[in-house]
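A.B. asks: Build me a model from this:
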Amino acid sequence: MVTYSIASFYKFVRLTNLDDRKLSLHNQAENLDLKGTILLAEEGINAMISGSPDLVTSFLVALQSQTEFADLAVKTALTEIPPFQKLKIKVKKEIISFKEPCNPAEIAGTHVLAKDWNKLLSDPEVTVIDVRNHYEVSEGMFPGAKNPNLKSFSAFRSFARENLNPSKNRKIAMYCTGGIRCEKASSYLLSLGFEQVMQLEGGIIRYLQDIPPSENKFCGRNFVFDERGTAS
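C.D. replies: Alright, predicted model coming up:
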């Protein structure tokens, strides 16, 4: 049985020469027979790629040799199901669409490790928010979390303005699939005057990897954006 490695990563960092970067990354990934999607924008990079484990590693080593990506945090998993069928590398306005300027590279919420997340879930003073879209939340979520019923991530802005108040929601903890949406959502809340904003580092993916089943508080299944559909 063939084993595929899946690597997902993002970083908010100022990037230039996007078309040149796109061509270079495409040539490297294609030569290694990698599949998946890489998004580039002036605000950073967001990617999920797959292929032979050793070739994925080779790609990541080359990427992390670049100064901008030296500290790139990568989440990996193994699967026997081909996660992607094509290689797509695109230059976009945003690596995750929010439709309002914010800069997580300069201001974002406090990262909370998976091992400390359960404590926040049981704290009555903390407002826990799931910032994923409604169809993702329907697959599974943390108990007690607010479901904004988002049709798109950019709708979080109106949810926040209409349902959250800095004087009432003094402690906010957010989570999403892999962490990237929390970066922008937390940056946005801080710009509105919320003072204590936290986010689950690595998202649900890292939580399920790091927390033993006996301590796992996530109920249901975690929606993932590849051919696997959902994964527990």
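A.B. asks: what about the helices in this protein?
C.D. replies: 18-31, 53-64, 114-121, 134-137, 156-163, 180-191, 203-210 (DSSP state H).
A.B. asks: What distance do you get for the closest residue in space to A105 that isn't next to it in sequence to I172?
C.D. replies: In space, and not counting its chain neighbours, A105 is closest to F12: 4.2 Å by CB to CB, 6 or more residues apart in numbering. Where C-beta positions appear, they are placed from N, C-alpha and C, glycine not excepted. Distance, F12 to I172, using CB to CB, to the nearest Å: 20 Å.
A.B. asks: Tell me which of the helices of the chain sits nearest to Y4.
C.D. replies: Closest to Y4 of the helices of the chain, according to CB to CB: helix 53-64, at 7.7 Å.
A.B. asks: hey, C-alpha coordinates of that closest one in CSV?
C.D. replies: Listed next in CSV are the C-alpha coordinates belonging to helix 53-64 (Å, rounded to 0.1, in the frame of the first residue of the first chain):
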residue,chain,number,x,y,z
PRO,A,53,7.1,11.3,2.5
ASP,A,54,10.8,11.8,1.5
LEU,A,55,10.0,14.1,-1.4
VAL,A,56,7.6,16.2,0.8
THR,A,57,10.5,16.5,3.3
SER,A,58,12.9,17.6,0.5
PHE,A,59,10.5,20.3,-0.6
LEU,A,60,10.0,21.6,3.0
VAL,A,61,13.8,21.7,3.6
ALA,A,62,14.3,23.8,0.5
LEU,A,63,11.4,26.1,1.5
GLN,A,64,12.7,26.6,5.1
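A.B. asks: Tell me which other helices or strands that helix touches.
C.D. replies: strand 4-12, helix 18-31, strand 44-51, strand 74-79 (3 or more CB pairs under 8 Å, 6 or more residues apart in numbering; DSSP states H and E).
A.B. asks: can you put the ones you listed in CSV and add mean neighbour count, distance to I107 and mean pLDDT?
C.D. replies: Shown next, in CSV, are the helices and strands packed on helix 53-64 (neighbours: other CB atoms under 10 Å; distance: least, CB to CB, whole Å; pLDDT from 0 to 100):
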stretch, mean neighbour count, distance to I107, mean pLDDT
strand 4-12, 21, 10, 96
helix 18-31, 14, 23, 98
strand 44-51, 23, 15, 97
strand 74-79, 15, 23, 92
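A.B. asks: can you redo the ones you listed as TSV with distance to I211?
C.D. replies: TSV is the format used below for the helices and strands packed on helix 53-64 (distance: least, CB to CB, whole Å):
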stretch	distance to I211
strand 4-12	18
helix 18-31	32
strand 44-51	22
strand 74-79	14
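A.B. asks: Can you check which of these gets nearest to H111?
C.D. replies: Closest of the helices and strands packed on helix 53-64 to H111 is strand 4-12, at 13.0 Å (criterion: CB to CB).
A.B. asks: Parallel or antiparallel, list what pairs with that closest one.
C.D. replies: In the sheet, strand 4-12 lines up against strand 44-51 (antiparallel), strand 74-79 (antiparallel) (DSSP bridges).
A.B. asks: Kindly reformat those strands as a markdown table containing distance to K184.
C.D. replies: Shown next, in a markdown table, are those (distance: least, CB to CB, whole Å):
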| stretch | distance to K184 |
| --- | --- |
| strand 44-51 | 11 |
| strand 74-79 | 18 |
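A.B. asks: Indicate which one of these is closest to N149.
C.D. replies: Checking those against N149 by CB to CB gives strand 44-51 as the closest, at 24.0 Å.
A.B. asks: how big is the angle separating that closest one from helix 180-191?
C.D. replies: Relative orientation of strand 44-51 and helix 180-191, computed by axes from the mean of the first three to the mean of the last three CA atoms, to 10 degrees: 160 degrees.
A.B. asks: All good on my end, thank you.
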